[in-house]
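S.K.: Got a predicted structure plus its sequence, pasted below:
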Amino acid sequence: MAKPYFRKKKEQMSAAQFNLLNSITLILFGLWGYVETESFTAFIPVAFGIVLVLCQRGVKKENKIVAHIAVLLTLILLLALVGMRLPKSLESGGMGLFRVAVMIATSLLSMVGFVRSFIAARKARQ
């Protein structure tokens, strides 16, 4: 007898998974930027990425304080990338623009993941 076909609900990435993706991207792309430019400012996203990795366990366990710290750091980095780094990268173009665009994209995805997680937690409390 054939097994019935059940359609699984598409699982969405959690805030912790988005945070980890963002952290790894920031670390790797920041190191890539340093190797290419030898500018110490390329270590800024690396530092943010390391701190976000350190927040990973708390975010995964839905620790409110740690999650809010991770959101704040992600927001600060996102604003810095968009406000300060993106205009310079648009002028110069090349791989620097690609790196900045990817870091902005993963930071934005992480922010969306956090907001969705906070909304779901609030609905669960009601």
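M.R.: Right, received. Where do you want to start? Because the structure is a prediction, the values reported are computed rather than measured. Numbers count the residues shown, from 1 in each chain.

S.K.: Check which residues of the lengthiest helix in the chain are buried.
M.R.: For the chain, the longest helix by residue count, based on DSSP state H, is helix 94-125. By 16 or more other CB atoms under 10 Å, the buried positions in helix 94-125 come out as 96-97, 99-100, 103-104, 106-111, 113-114, 117. Bear in mind the C-beta positions are built from the backbone N, C-alpha and C, glycine included.

S.K.: Point out the other helices and strands that it packs with.
M.R.: Judged by 3 or more CB pairs under 8 Å, 6 or more residues apart in numbering; DSSP states H and E, the packing partners of helix 94-125 are helix 15-37, helix 64-80, helix 86-92.

S.K.: Only alpha carbons, please: show stretch 28-46 as CSV.
M.R.: The C-alpha trace of stretch 28-46 is given here as CSV (Å, rounded to 0.1, in the frame of the first residue of the first chain):
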residue,chain,number,x,y,z
LEU,A,28,34.3,36.3,6.5
PHE,A,29,33.5,39.3,4.3
GLY,A,30,35.3,41.6,6.8
LEU,A,31,38.4,39.4,6.7
TRP,A,32,38.2,39.4,2.9
GLY,A,33,37.9,43.2,2.9
TYR,A,34,41.0,43.4,5.1
VAL,A,35,43.0,41.0,2.9
GLU,A,36,42.0,43.1,-0.2
THR,A,37,42.5,46.6,1.2
GLU,A,38,44.7,46.2,4.3
SER,A,39,42.5,48.8,6.0
PHE,A,40,42.0,48.1,9.7
THR,A,41,38.4,49.5,9.4
ALA,A,42,37.6,46.2,7.7
PHE,A,43,37.8,44.6,11.1
ILE,A,44,34.7,46.5,12.3
PRO,A,45,32.2,44.0,10.8
VAL,A,46,34.5,41.2,12.0
